[in-house]
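K.L.:
Pasting the sequence and the predicted coordinates here, then a few questions.
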Amino acid sequence: MDYKKVIAERIKEMTNLETETIEKLIEQPPQPDMGDYAFPCFQLAKTMRKAPNIIAQELKTTINSNGFEKIENVGGYLNFFVGKATLNEVTIKKALEEKDKFGYSDIGNGKNVIVEFSSPNIAKPFHVGHLCSTAIGNSLYKILSSQGYNCIGINHLGDWGTQFGKLIVAIEKWVDEEALERDAIKELLRIYVKFHDEAEKDPTLEECARQRFKMLEDGCEKERILWQKIKDLSLKEFNKLYERLNVKFDSYAGESFYNDKIDSLVEELKQKNLLTESKGALVVDLSDFNMPPCIVMKSDGATIYATRDLAAAIYRHNTYNFHKNIYVVGTPQALHFKQVFKTLELMGYQWADDCVHVGFGLVKFEDKKLSTRKGDVVFLDELLDEAVSRSLKLIEEKNPNLENKELVAEKIGIGAVLFTYLKNNRERDIIFSWDDIINFDGETGPYVQYSYARGRSILRKAEGFNSKADYSKLKSKDEFELVKLISQFNENILFAIEKYEPSIVTRYIVDVAKAFNKFYNQYPIMSCDDDTLKAARLNLVEATTVTIKNALSLLGIEVVEKM
RNA sequence: GCGCCUUUAGCUCAGUUGGAUAGAGCAACGGCCUUCUAAGCCGUGUGUCAGGAGUUCGAAUCUCUUAAGGCGCACCA
């Protein structure tokens, strides 16, 4: 039941506003005891030439109040109170029937949506910064999928570019094969850093590296073999992390994948008269749009990331005929994507409008010493290990008899980290302090997982209890608030899609968990004398656990039955 | 220099697209486990919503402006 729509239609009968504009005006009153929905009458004041509070009063007396408990006018507001018994019953039954699919819809109608995310650079360590794209992208993938979109997750690996020339040179000169076998990324990083150190003394190394990359791009066998080796070794490491985070991709088509699609792209740009030569490079002039030029071909004839992104976008359109093509990449690259999208538009592709850059801020550490413990980065593995070990310590302290402690600790620790990454507005920088991760109190992943575990614990105890539920007896403010929140699950997901913003779901879960804990703490459930009320409460508990579980899964976080 | 972003309680942040008395968490202090998991619940807040001007019934939210900070501006990604 969509109350907004019902209200809008009834107000429409009495005013000259469209239902859509009315729906947009409808809001939630700041206090629950003021009602569930409110319609502000101020905008009507002009056309109706009456004071808002008079309009509200008149609407109140004439409006069809069927299905509402009551309708009140307060000042210029018309406040609606929905029928509690109905909403209780409809919401809880829906959650229990739909179970794992509660909150889902098929609004996406099977349309293809590409989510490019994670996209680490081969041969470089996966550090705490990479988790932004990975967590946000994975979550968007799940959120969109839950609403019937057919998502294609692409890990646009950074497996091409000048750095491979450097790596090839470095491997030939300095690699320690044994170390490479033991810990590939560490060794590759070591020689990569060494390359830069040496290049400062000997600038010809840079030139050498550029040549080797050009050779790689031209398909020389020796370079090709080394490149493949570097890629295989790195991917093996990355996949360990992806498994740990339970992140999957439908495609690993990285930058190198588009190497053979560059020539036709450049040809097409030429034909469309978009290329100009500038300082030896081929560029698309974007000065008409107040942007620096988009470089397509460097003066040495090699490609650059813009070239590969252009080729990738066209390839994706031809292959997937996408409804949206989403790039989960940090905000520092905003200009780059604006240039690429504009170039696509100039090429005459209307679908350039369907390309979206979903940006995010940087991960910073409050205590900078921590961020520099190993070189100048914190590896993601370290962060996860720290969170998991802290979680294990807490289990030992609070629930030492718990079975499968290590497994539970892993889920809680990783859940805590993901939750932190997905809690804030994604464009904001995340300021981490080691304490934030160690602290599992308050609005955190462990808090919502704990709420879920509490609910499940009750439900285990209630197994075998069988009585008909009387939902009209859930009439306390706290019970109804919880029901209301649960009923708003789907609209929160849709809002998250509209904004490409997983944090909307994260915050929603916190609200549900808070409302649940409040309810849990104040009202007896198992020890409730009235069987029909007890049944109603138990079903409300179950509806809550269903909601928390489904919502957390949209963030890529698993629940635990006990903790 | 140009462009984009940020600025809300001691700290970290929300604020549903312009609505009712600006809210959470952390930290601090006090209370609640002989009843369903205390990783919980309840209570305690004198905020220049960075400053100024404007738009209107109404602004943390929109416009202009000033300040502080961040990011980006051609062969790295």
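P.N.:
Happy to help now that I have it.
K.L.:
Could you use CA atoms for every contact and neighbour count after this?
P.N.:
OK.
K.L.:
Let me see the confidence value for A:Arg49.
P.N.:
We note a pLDDT of 81 for A:Arg49 in this prediction.
K.L.:
hey, where'd the strands end up in chain A?
P.N.:
If DSSP state E is used as the criterion, the strands of chain A fall at A:37-40, A:68-74, A:77-82, A:112-116, A:150-154, A:275-278, A:281-284, A:294-297, A:324-328, A:355-358, A:363-365, A:430-432.
K.L.:
for those, which one sits closest to A:Phe519?
P.N.:
Nearest to A:Phe519, of all the strands of chain A, is strand A:77-82, at 20.2 Å by CA to CA.
K.L.:
Mind checking the pLDDT average for the closest one?
P.N.:
Computed over strand A:77-82, the average pLDDT equals 93.
K.L.:
So, low pLDDT: which residues of the stretch 251-400 of chain A?
P.N.:
Regions of the stretch 251-400 of chain A meeting the criterion pLDDT under 70 cover residues A:366-376.
K.L.:
ignore the last one, chain A
P.N.:
Confidence mapping of chain A against pLDDT under 70 gives the ranges A:1, A:366-376.
K.L.:
and it, what are its domains?
P.N.:
Structurally, chain A divides into domains by automatic domain parsing as follows: A:3-82, A:112-261+A:304-365.
K.L.:
got TSV for those domains, with distance to RNA strand B and mean neighbour count too?
P.N.:
As requested, those are arranged in TSV below (distance: least, CA to the nearest atom of the strand, whole Å; neighbours: other CA atoms under 10 Å):
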stretch	distance to RNA strand B	mean neighbour count
domain A:3-82	4	16
domain A:112-261+A:304-365	3	19
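K.L.:
Tell me which of the ones you listed lies nearest to A:Thr420.
P.N.:
Using CA to CA, the domains of chain A put domain A:112-261+A:304-365 closest to A:Thr420, at 10.1 Å.
K.L.:
Off-centre distance for the closest one?
P.N.:
Average the C-alpha atoms of domain A:112-261+A:304-365, do the same for its chain, and the two points are 19 Å apart (CA atoms, centre = their mean, to the nearest Å).
K.L.:
if I pick A:Glu69, what's in contact with it?
P.N.:
When contacts are counted by CA atoms under 8 Å, 6 or more residues apart in numbering, A:Glu69 touches A:Phe80, A:Phe81, A:Val82, A:Gly83, A:Lys84.
K.L.:
Return the distance of it relative to A:Tyr37.
P.N.:
Counting by CA to CA, to the nearest Å, the gap from A:Glu69 to A:Tyr37 is 12 Å.
K.L.:
With A:Gly556 instead?
P.N.:
Separation of A:Gly556 from A:Tyr37 (CA to CA): 32 Å.
K.L.:
same thing with A:Gly280?
P.N.:
63 Å.
K.L.:
got it, and A:Asp2?
P.N.:
From A:Asp2 across to A:Tyr37, the span is 11 Å (CA to CA).
K.L.:
now swap in A:Lys236 and tell me
P.N.:
When CA to CA is applied, the distance between A:Lys236 and A:Tyr37 equals 53 Å.
K.L.:
Spit out the contact partners of the nearest residue to A:Arg426 once chain neighbours are set aside.
P.N.:
Using CA to CA, 6 or more residues apart in numbering and skipping the chain neighbours, the partner closest in space to A:Arg426 is A:Phe360 (4.8 Å). Shown in contact with A:Phe360 (CA under 8 Å, 6+ apart): A:Cys132, A:Ser133, A:Val328, A:Val329, A:Gly330, A:Thr331, A:Arg426, A:Glu427, A:Arg428, A:Asp429.
K.L.:
go with 10 Å
P.N.:
A:132-133, A:136, A:328-334, A:425-430 (CA atoms under 10 Å, 6 or more residues apart in numbering).
K.L.:
so which of the domains of chain A gets nearest A:Ala515?
P.N.:
Smallest distance to A:Ala515 across the domains of chain A (CA to CA): 12.7 Å, for domain A:3-82.
K.L.:
Point to the residue nearest the middle of chain A.
P.N.:
A:Ile136 (3.2 Å; CA atoms, centre = their mean).
K.L.:
My read is that that residue contacts A:Thr420, right?
P.N.:
No - assessed by CA atoms under 10 Å, A:Ile136 is found out of contact with A:Thr420, at 11.3 Å.
K.L.:
Now list whatever residues contact both of these two.
P.N.:
Going by CA under 10 Å, 6+ apart, residues that sit against A:Ile136 and also against A:Thr420 are A:Ser503.
K.L.:
okay, the domains of chain A in a markdown table with distance to A:Ile525 next?
P.N.:
Conversion of the domains of chain A to a markdown table gives the following (distance: least, CA to CA, whole Å):
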| stretch | distance to A:Ile525 |
| --- | --- |
| domain A:3-82 | 23 |
| domain A:112-261+A:304-365 | 32 |
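K.L.:
closest to A:Leu269 out of the ones you listed?
P.N.:
Comparing the domains of chain A by their distance to A:Leu269 (CA to CA), the top pick is domain A:112-261+A:304-365, with 7.2 Å.
K.L.:
Span of that closest one from start to end?
P.N.:
Across domain A:112-261+A:304-365, the straight-line distance between its terminal residues is 37 Å, by CA to CA.
K.L.:
tell me the contacts of the closest residue to RNA strand B within the stretch 201-350 of chain A?
P.N.:
When you check the stretch 201-350 of chain A against RNA strand B by CA to the nearest atom of the strand, the closest residue turns out to be A:Lys298, at 2.9 Å. For A:Lys298, the contacting residues are A:Ser278, A:Lys279, A:Gly280, A:Ala281, A:Leu282, A:Val283, A:Ile304, A:Thr307, taking CA under 10 Å, 6+ apart as the criterion.
K.L.:
Would you quantify the distance from it to A:Leu226?
P.N.:
To A:Leu226, A:Lys298 is 24 Å away according to CA to CA.
K.L.:
quick one, phi psi at the nearest residue to A:Ile458 once chain neighbours are set aside?
P.N.:
Excluding the flanking residues, the one nearest A:Ile458 by CA to CA, 6+ apart is A:Met526, at 7.4 Å. Backbone torsions for A:Met526, taken as degrees, to the nearest 10, come to phi -70, psi -30.
K.L.:
so what's A:Met526 up against?
P.N.:
If you count contacts by CA under 10 Å, 6+ apart, A:Met526 has them with A:Ile458, A:Leu459, A:Lys461, A:Ala462, A:Phe465, A:Lys534, A:Ala535, A:Arg537, A:Leu538.
K.L.:
Would you mind checking those for buried ones?
P.N.:
A:Leu459, A:Lys534, A:Ala535, A:Arg537, A:Leu538 (16 or more other CA atoms under 10 Å).
K.L.:
Taking those, tell me the two that lie furthest apart.
P.N.:
In the buried ones among the contacts of A:Met526, the most distant members under the criterion CA to CA are A:Leu459 and A:Lys534, with 11.7 Å between them.
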